[in-house]
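Undergrad: just the structure for this:
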Amino acid sequence: MHCKLTIIITIIIFIIYPTYSQQQQQQQQQQQIRTLDLETECNNRWIHIRNLPSRFNIDLLTNCSQYPLFVDNFCPFLTNHGLGPKTHNTSHSWYRTDPFMFELIFHRRMLDYPCLTSDPLLANAVYLPYYAGLDALKYLYGPEVNSSFRHGLDLFDFLQVNEPSIWDRNMGHDHFLVMARPAWDFSQPLDNDPVTWGTSFLELPEFYNLTVLLPEGRFWPWQEQAIPYPTSFHPSNLAFFDSWIQRVKRSKRSTLILFAGGGGVAATPNIRRSIRDECEKNTSDIMSGLYDKGYSKVCDIVDCSNGICQHDPVRYMRPMLQASFCLQPPGDTPTRRSTFDAILAGCIPVFFEEQSAKSQYGWHLPADQYGEFAVFIPKEEVVFKGLSILDLLMEIPRSQVRKMREKIIELIPRITYRRHACSTGLRAKKDAFDIAIDGTLQRIKSRIDQVSYQ
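TA: The predicted structure is shown next:
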């Protein structure tokens, strides 16, 4: 009996052991394949994240209630790694995102980037997780307003003292960072006296070689590149993303034009005033022409004065879903977050300055394709020559409007920042972050090659 049992156990071990060895071998082979795939995928795409002291990022978040002139309290919008609180408890994709939290959002997404390396010598680019926009608050609204020329010098001093070889290897040409404010807020001349609005970060010679990603750039500095403002839509998986796309496609466009914003109430001539004036003129002749084209409303204005829309996407997204054209007049600066809200809603943007988008977002919205998804009307023609926005838009054939909307829907992935730690399926679809990284790597390579050639 004992002998039979020994034979049976020996047979079982003989059968199982090779199977276990084969499984172990298969796992090792799969791991080797994954490693090779990663090396192939990451060829010329490795990024090193500089380990900066917390005073350059995390510590700045503790000051979230110290600048009442900036906003009463931006502490609530730090949640979900900068995406802000959800619009409601059951929301899967919609957040009350504050665009000034973009540096935090981008930093969190960088931690998910598949081609990170701890060795700066192997890196094709070096990311500086510096929250420049938040650090600027003490110069813009705080006690150091008269020392704004110093903004950024502390960071440069650190880079020169802590492992200076990382910066010196390419004299900073391979470094990049993100700023959550327009370039104009960082462009005060160093010799301004008296001090005017903004800091002088982008005027510092120390950072002339740095690539900077921001929501609005100036058109002449090569190192500035505009990338989309973050909207409030951050899906976590492909099903949620596809569900939104289907909603955009099904939405009935009963309004011809929509303007979501403030201003336009002053007596002086300006494009926002012209828009408001024209929206108030709903004559019977105009209405009959609209009915023939399937519209029941000429113009809708969503009043966003005093920032009431900034953290409430429901207020403007629903009207945008019902409109064919969304007007994007410049405000304090040429660009608007509303441009990307409109694209997200499938609403065709109407621009009045080329600097509002065409000369800004070339990586995400190709300039040679603007006629396929946007309308351009020079603001001077409207304000000073009486050109009717309504008449011009009504002349566009319905078939062309339909094609433009189809093109807009194709662009939605390119201007969406998906949620961090999202599903594998959604990661396969390039979003605004992915395109920004692609562009940054290409620009840095081109710049280094150019400098090396010289």
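
Undergrad: pLDDT below threshold where in the chain?
TA: 1-37, 69-72, 282-289, 291-292, 454 (pLDDT under 70).

Undergrad: could you pull out the strands in it for me?
TA: For the chain, strands defined by DSSP state E occupy the ranges 47-49, 125-127, 175-178, 211-214, 224-226, 255-261, 297-303, 323-328, 348-351, 375-376.

Undergrad: right, so those: which one is the most enclosed?
TA: Ranked by mean neighbour count, the strands of the chain are led by strand 323-328 with a mean of 26 (mean count of other Cβ atoms under 10 Å). For glycine as for every other residue, the C-beta is placed from the backbone atoms N, C-alpha and C.

Undergrad: residues touching stretch 89-102, excluding its own?
TA: Contact with stretch 89-102 is made by 71, 74, 76-78, 80, 82-88, 105, 133-134, 178, 180-181, 215, 229-236, 240-241, 244, 310-313, 337, 419, as judged by Cβ atoms under 8 Å, 6 or more residues apart in numbering.

Undergrad: in it, what counts as buried?
TA: Counting neighbours by 16 or more other Cβ atoms under 10 Å, one finds that the buried residues in stretch 89-102 are 93, 94, 95, 96, 97, 98, 99, 100, 101, 102.

Undergrad: coming back round to it: tell me which of the contacts of stretch 89-102 fall in helices.
TA: Cross-referencing the contacts of stretch 89-102 against helices under DSSP state H gives 105, 133, 134, 240, 241, 244, 313.

Undergrad: share the number of residues neighbouring the closest residue to the third one other than its chain neighbours, please.
TA: When you say that, I think you mean residue 134. Once flanking residues are discounted, residue 134 sits nearest to residue 60: 4.3 Å by Cβ to Cβ, 6 or more residues apart in numbering. Close neighbours of residue 60, defined as other Cβ atoms under 10 Å, add up to 21.

Undergrad: dump the residue contacts of the closest residue to residue 111 other than its chain neighbours.
TA: Computed as Cβ to Cβ, 6+ apart, the closest residue to residue 111 that is not its neighbour in sequence is residue 420, at 7.4 Å. Applying Cβ under 8 Å, 6+ apart to residue 420 gives the contacts 81, 108, 109, 111, 112.

Undergrad: wait, the first one touches residue 105, no?
TA: Yes - counting by Cβ atoms under 8 Å, residue 81 touches residue 105, with 6.7 Å between them.

Undergrad: more crowded one of those two?
TA: For residue 81 and residue 105, the more surrounded residue by other Cβ under 10 Å is residue 105, and the numbers stand at 25 against 16.

Undergrad: rewinding a little: contact partners for the residue nearest to residue 134?
TA: Residues counted as contacts of residue 60 (Cβ under 8 Å, 6+ apart) are 131, 134, 135.

Undergrad: list the contacts of the first one.
TA: Counting by Cβ under 8 Å, 6+ apart, residue 131 touches 56, 57, 60, 61, 103, 104, 107, 180.

Undergrad: the residue nearest to the fifth one when sequence neighbours are not counted and residue 155, how far apart?
TA: With sequence-adjacent residues excluded and distances taken as Cβ to Cβ, 6+ apart, residue 103 is closest to residue 131, at 4.3 Å. With distances taken as Cβ to Cβ, to the nearest Å, residue 131 is found 11 Å from residue 155.

Undergrad: who touches both of these two?
TA: Joint contacts of residue 131 and residue 155 (Cβ under 8 Å, 6+ apart) are residue 56.

Undergrad: residue 447 reaches residue 173, doesn't it?
TA: Yes - between residue 447 and residue 173 a contact is recorded at 5.1 Å, counting by Cβ under 8 Å.

Undergrad: who's more crowded, those two?
TA: When residue 447 is set against residue 173 and neighbours are counted by other Cβ under 10 Å, the residue ahead is residue 173, at 24 against 17.
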